[in-house]
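**Q** kindly generate the corresponding structure for this input.
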Amino acid sequence: MSGSRQNVTFPSNGRTAHGYLAPPPAGTGPGLVVVQEWWGLTSHMTSMVDRFAAEGFVALAPDLYGGATTHDGTEAARMLRELPVERAAADLAGSVDFLLGLPEVTGDAVGVVGFCMGGGFALSLAAREGDRVAAVVPFYGLPKDPDFDYRGLTAHVLGHYAERDRSLPAEVVDEAAIRIGEATDRRPEIHFYPAGHAFMNDENLLGTHDGLQAKIAWQRTLSFLRGHLG
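**A** Residues are numbered from 1 along each chain as shown. Sure, this is the predicted structure:
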């Protein structure tokens, strides 16, 4: 276990939350919450924040584990089990408050992108925050509760999932997309990639990183966010 790259603090439900914030070259831009994988706020996650910032977003990754990171699957599973869900939800809601309160952030709604564990949290955050989240992009993740209530979600949804992901079969993703459509007036845009879980993560130990599919998903994500965040 090692420490993460925190560089900012913000209030969250009566406590202080931590995260990694990167501004765009122009100094201002739409706000974007980047939600970590179960490994924590690793160098991969902060590099994703930097990449989004370079593309014009004021990007923030809240540190849901309070500084802890790991590259061990057993340890990551333990950290996820021990993560207080309500505290994580409060930290994520606090990150939306924080971004919308920054003078550098344009607009009155943010985008949310989440990876693996963070993909589920991204969707739940969008449902919780309503019209304060205009666009949500889950990568190979869904809320843990298969009966999750999506009725508060007003954001546009773009989902990226892997065809060879044993932890998240395509039929489960399809069912979630149907549930979102039934609960809201949104029809999620879902893409399946000929790759394995965590194909965006060039640091993952699963051997499933796929540079080509990652590039395709990245370009789709940028176009989607720009289209809905202005």
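**Q** any idea what the closest residue in space to Arg186 that isn't next to it in sequence is bridged to?
**A** Once flanking residues are discounted, Arg186 sits nearest to Val157: 5.7 Å by CB to CB, 6 or more residues apart in numbering. For the C-beta atoms, the positions are set from N, CA and C on the backbone; glycine is no exception. Applying DSSP bridges to Val157 yields these beta-bridge partners: Val136.
**Q** and Val157, what's its pLDDT?
**A** We have a pLDDT of 98 for Val157.
**Q** residue contacts, it?
**A** By CB atoms under 8 Å, 6 or more residues apart in numbering, the contact set of Val157 is 123, 126, 135-138, 180, 186, 188-189.
**Q** may I have the secondary structure class of His18?
**A** Of the three states, His18 takes strand according to DSSP: H, G, I helix; E, B strand; the rest coil.
**Q** does it have beta-bridge partners, and which?
**A** Counting by DSSP bridges, the residues bridging with His18 are Thr9.
**Q** surely it touches Thr9?
**A** Yes: His18 lies in contact with Thr9 (CB atoms under 8 Å); the separation is 5.4 Å.
**Q** rewinding a little: pLDDT-wise, what's the bottom of the contacts of Val157?
**A** Lowest in pLDDT among the contacts of Val157 is Arg186, which has 92.
**Q** mind listing what's buried in stretch 161-172?
**A** Neighbour counts using 16 or more other CB atoms under 10 Å place 161-162, 165, 168 of stretch 161-172 among the buried residues.
**Q** quick one: which two of those residues are the most distant?
**A** Ala162 and Leu168 (7.6 Å; CB to CB).
**Q** residues that sit against both of the two, list them.
**A** With CB under 8 Å, 6+ apart as the test, Ala162 and Leu168 both reach 140, 197.
**Q** so for the longest strand anywhere in the chain, what's the average pLDDT?
**A** Secondary structure of the chain per DSSP state E: the longest strand is strand 105-115. For strand 105-115, mean pLDDT rounds to 97.
**Q** any idea how far it is from the chain center?
**A** Computed by CA atoms, centre = their mean, to the nearest Å, the chain-centroid distance of strand 105-115 equals 10 Å.
**Q** got the CA positions of it in PDB?
**A** Extracted C-alpha coordinates of strand 105-115, given in PDB (Å, rounded to 0.1, in the frame of the first residue of the first chain):
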ATOM      1  CA  VAL A 105     -15.600  26.100 -13.700                       C
ATOM      2  CA  THR A 106     -18.000  27.200 -16.400                       C
ATOM      3  CA  GLY A 107     -21.700  26.200 -16.500                       C
ATOM      4  CA  ASP A 108     -24.000  25.100 -13.700                       C
ATOM      5  CA  ALA A 109     -23.600  21.300 -14.100                       C
ATOM      6  CA  VAL A 110     -20.600  19.000 -14.200                       C
ATOM      7  CA  GLY A 111     -19.700  15.700 -15.900                       C
ATOM      8  CA  VAL A 112     -18.700  12.500 -14.200                       C
ATOM      9  CA  VAL A 113     -16.500   9.800 -15.500                       C
ATOM     10  CA  GLY A 114     -15.800   6.600 -13.400                       C
ATOM     11  CA  PHE A 115     -13.800   3.500 -13.900                       C
END
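**Q** and that strand, what does it pack onto?
**A** Of the remaining helices and strands, those touching strand 105-115 by 3 or more CB pairs under 8 Å, 6 or more residues apart in numbering; DSSP states H and E are strand 29-35, helix 43-54, helix 85-100, helix 117-129, strand 133-139, helix 211-229.
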